[in-house]
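J.: what's the 3D shape of this:
(one chain, ligands or ions: 1)
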Amino acid sequence: MGFSTDVIPIGLEYIAASIETEVDDVHIVDMELEEQPLQCFLDVFDPDLIGISMSATDHDEGLRLAKIGKKSGVTTVLGGYHPTAIPDELLSHPQVDIIVRGEGELTMKELVQKDSPEGVLGISYKKGKRIIHNSERPLIRDLDSLPFPARHLRTHKYKDHMNSNGREFDVITMSRGCWGQCSFCCEPYMSKGLMRFRSPENILKELFEIMAFHNEKPLQIFVTDPHFMGDPKRIDHLCDLLQKHELNIVISVMTRVDSITRNPELIKKMCNSDILSYELGFESPNQKDLNDVKKGITLSMQRKAVRILRDNGANVSGTFVIGLPGQSEEEIKQFPVYAKEIGLMNCAFGIVTPFPGTEFFDSLEKDGLIFERDWTKYDEMHSVFKLNPLSAKRLEELESYCMARFWTLNTFLDRARALHKNSGDKISLKDFIDDLIAKVKFARNASYDLREGELEDHIKAVLGALVDAETEEKERKICIHDVIEMSRFLKILGPQIIQITLRCDSQAVSYVMKTTSRSVDYKKTITGKQDKTTIDLDIDLDEVVGSFNGYSAFNLMNYVYLFKQARNINGILNVLRLCAALPIDLGCSYLKDKFMSD
Ligand code: B12
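T.: Have a look, this model is predicted:
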């Protein structure tokens, strides 16, 4: 998910805020985005201590940074979910001095005050050759007592790459912990099932501070709480405050399915208070899986939750985990079918990952099933434990399959229709294409980075999924012109049969659309290509995914050899019509790109 949004280091900002008054100087260096090497910052700031925030995937990188720090004689401290789970393993590395287990604010403050780890609760450290684990620090009960995150120390502008809604982006933490006991989640060991809540007044105060930080510009704020609706009464009061102050902020949250089904009236109020995007953990369409992972929800709750959210005009996203013990290929292929059937508008499928410290890890470890010890592979995109009868490679391909089978053209249309239901307006062609391109960019960047060396097999799984989806979606086809405002587009384009072919090696899948000057008569997805067309575009996926120039350089149309592919003068005229028909700014930039580069 780090490919879809810049990750704002809010944990470090909390820690910086809590020690700011105790030390001469504190800086936050975001090594995800920074172009300078760490050594430059060590040379300039000359720190006594560096603290490194780590998840499992940061294991190697965190140790690399600690090594650089240690070489400069700096005390190194690691914190976050991963170090909390495996303090002994990390302390076995000579470059690591101290681990902060659990929440860091009070522990770090006491550490810098005392200038020694001895007796500081929540710390593990080395004394000679021995590793000492101090007792646990109780969880922070009064979250209102914490200073707000030190946003003023930011040196980057963070963006949500999936939303081009023109709003600036930020994150906020309104509660901590989750009382769920899902066996694969890190929260049970991090928060011991204890939820803590900030008061709505304290949250509002921070929202005002965030608005001032962004110079009162319209904002989109993501709430980091794993279970936003843990205390519905407080949320109800927060909604009163949000409505009273009419802040220009749209809010995205993560919560549990059962909190939605238990509080349908509150959902209505939340949506009316601009809490509009909801991410829910669905995990599986099989009750047995839900029971096995102690999810504590039922399939009918899943369905009901989606309906409540859609009825209130919310954007509803779901996450699923594939590869739980006992799942077969055929079962996994049904995950995206179910996700579409219950009406999810956004969906991600991850490979179930036994993070150390979780109950799931312990049970697989006991049975000797974990074969991968490279923690950087613990990213929910790689298979790390034995799963009969599926191979690790096939499971990883199935992850791509599920994503592709969910994200069909029909899904984009359904989500556009649902999001515009309340206003009654159709979505503009430009907004529709922007949404589509954002998702294609995300898929491309994530695949290029994480599926290196195996891209071809993944692309083939994707092409297979698109054709399988066609069969299953036949009954619930949505008319493009009913959802997208395209009367001008169709008038200029006129009657055409457009074929867009995606190919990899000898495998090809084509989208075929027949238009008149007023409607899109049909759209279908076929294996291979059909002969009778007026506009024929070929996209070589290997070429698209393989040429990587960073986030911004990707322009889908660079790879569509529109004009080169036109077979005769009529073909060229039809392509010209297509470019002219596209929304003015899109059409112009495509044409400009083509003529400038050819
Ligand atoms: C919000 C969230 C996200 C957001 C982040 C939004 C943002 N900040 O901009 C998004 C959706 C982008 C995201 C993405 C991912 N996430 Co996430 N995410 C979370 C979540 C729900 C809350 C984390 C949070 O912000 N907490 C609030 C802040 C204040 O707390 P904090 O960061 O933990 O910091 C505190 C302590 O940890 C500690 N601390 C942290 N760092 C340091 C450093 C030092 C020096 C010290 C002393 C202390 C310390 O002190 C801080 C203050 O108390 C957790 C937990 C959960 N239940 O799901 C998962 C979680 C952290 N994510 C996880 C994962 C796997 C991912 C992804 C890999 C998912 C994916 N497959 O793409 C990506 C990774 C992205 C990346 N490049 O890092 C795992 C990590 C597991 C692990 N052991 O490593 C978690 C634990 C979920 C889980 N499976 O249980 N995530």
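J.: residues in contact with the one helix or strand residue 250 maps to: which ones?
T.: Element membership for residue 250, per DSSP states H and E: strand 249-255. Identification of contacts with strand 249-255 by CB atoms under 8 Å, 6 or more residues apart in numbering yields 165, 167, 207, 211, 218-223, 225-229, 242, 273-281, 315. C-betas here are computed from N, CA, C, even on glycine.
J.: one more: stretch 231-243?
T.: The set of residues external to stretch 231-243 that reach it, using CB under 8 Å, 6+ apart, is 174-175, 195, 197, 199-201, 203-204, 228-229, 249, 259, 262-263, 266, 269-270, 272-275.
J.: what packs against whichever helix or strand comes after the strand holding residue 250?
T.: Downstream of strand 249-255, the next assigned helix or strand under DSSP H and E is helix 257-262. Applying 3 or more CB pairs under 8 Å, 6 or more residues apart in numbering; DSSP states H and E, one finds that helix 257-262 makes contact with strand 275-283, helix 299-311.
J.: 6 Å instead?
T.: With contacts taken as 3 or more CB pairs under 6 Å, 6 or more residues apart in numbering; DSSP states H and E, helix 257-262 sits against helix 299-311.
J.: which parts of the helix it packs on are buried?
T.: For helix 299-311, burial by neighbour count (16 or more other CB atoms under 10 Å) applies to 299, 301, 302, 303, 304, 305, 306, 307, 308, 309, 310.
J.: repeat for stretch 429-441
T.: Residues of stretch 429-441 classed as buried: 429, 430, 431, 432, 433, 434, 435, 437, 438, 439, 441 (neighbour count, 16+ other CB under 10 Å).
J.: how far does it sit from its chain's centre?
T.: Centroid separation between stretch 429-441 and its chain, computed with CA atoms, centre = their mean, to the nearest Å, is 17 Å.
J.: ok, stretch 321-337 next?
T.: Distance, stretch centre to chain centre, for stretch 321-337: 21 Å (CA atoms, centre = their mean).
J.: run through who's touching that stretch.
T.: Defining contact as CB atoms under 6 Å, 6 or more residues apart in numbering, one finds that stretch 321-337 is touched by 283, 289, 320, 349-352, 387, 395, 398, 402, 405-406, 472.
J.: repeat that with 7 Å
T.: 184, 283-285, 289, 292-293, 320, 349-352, 383, 387, 390, 394-395, 398-399, 401-402, 405-406, 472 (CB atoms under 7 Å, 6 or more residues apart in numbering).
J.: contact residues of the chain facing the ligand?
T.: Contacts of the chain with the ligand, taken as CB under 6 Å from any ligand atom, map to 1-2, 5, 7-8, 10-12, 14-15, 51-53, 55-57, 77, 79-82, 85, 100, 103-105, 108, 171, 173, 178, 185-187, 222, 224, 226, 350, 355, 379-380.
J.: apart from its chain neighbours, what residue comes closest to the residue of the stretch 51-200 of the chain found nearest the ligand?
T.: Closest to the ligand within the stretch 51-200 of the chain is residue 79: 2.2 Å, counting by CB to the nearest ligand atom. Counting by CB to CB, 6 or more residues apart in numbering, residue 79 lies nearest to residue 100, which is 4.0 Å off, once chain neighbours are set aside.
J.: residues in contact with the one you found?
T.: If you count contacts by CB under 7 Å, 6+ apart, residue 100 has them with 77, 79, 107, 108, 122, 123.
J.: in contact with the residue lying closest to residue 225 once chain neighbours are set aside, which residues?
T.: Among residues not flanking residue 225 along the chain, residue 175 sits closest, at 4.7 Å (CB to CB, 6+ apart). Contacts for residue 175 were tallied using CB under 7 Å, 6+ apart; they are 195, 196, 197, 198, 225, 230.
J.: please report how far residue 175 lies from residue 509.
T.: 45 Å (CB to CB, to the nearest Å).
J.: hmm, back to that, sitting in helices, which of the contacts of residue 100 do you find?
T.: Residues of these located in helices (DSSP state H): 107, 108.
J.: residue 332: how many residues sit nearby?
T.: By other CB atoms under 10 Å, the residues close to residue 332 number 22.
J.: confirm it sits in a helix?
T.: Yes: membership of residue 332 in a helix is supported by DSSP: H, G, I helix; E, B strand; the rest coil.
J.: contacts only, for the residue in the stretch 401-550 of the chain that the ligand sits nearest to.
T.: Per CB to the nearest ligand atom, residue 446 is where the stretch 401-550 of the chain lies closest to the ligand, at 8.4 Å. The contact partners of residue 446, taken as CB under 7 Å, 6+ apart, are residue 3.
J.: that one in helix, strand or coil?
T.: Following three-state DSSP, the label given to residue 446 is helix.
J.: before we move on, what about residue 514?
T.: Assigned with three-state DSSP, residue 514 falls in the strand class.
J.: can you report how many residues lie near the nearest residue to it once chain neighbours are set aside?
T.: Using CB to CB, 6+ apart and skipping the chain neighbours, the partner closest in space to residue 514 is residue 521 (4.3 Å). Residue 521 has 14 neighbours, counted by other CB under 10 Å.
J.: gap between residue 521 and residue 579?
T.: Distance from residue 521 to residue 579, by CB to CB: 22 Å.
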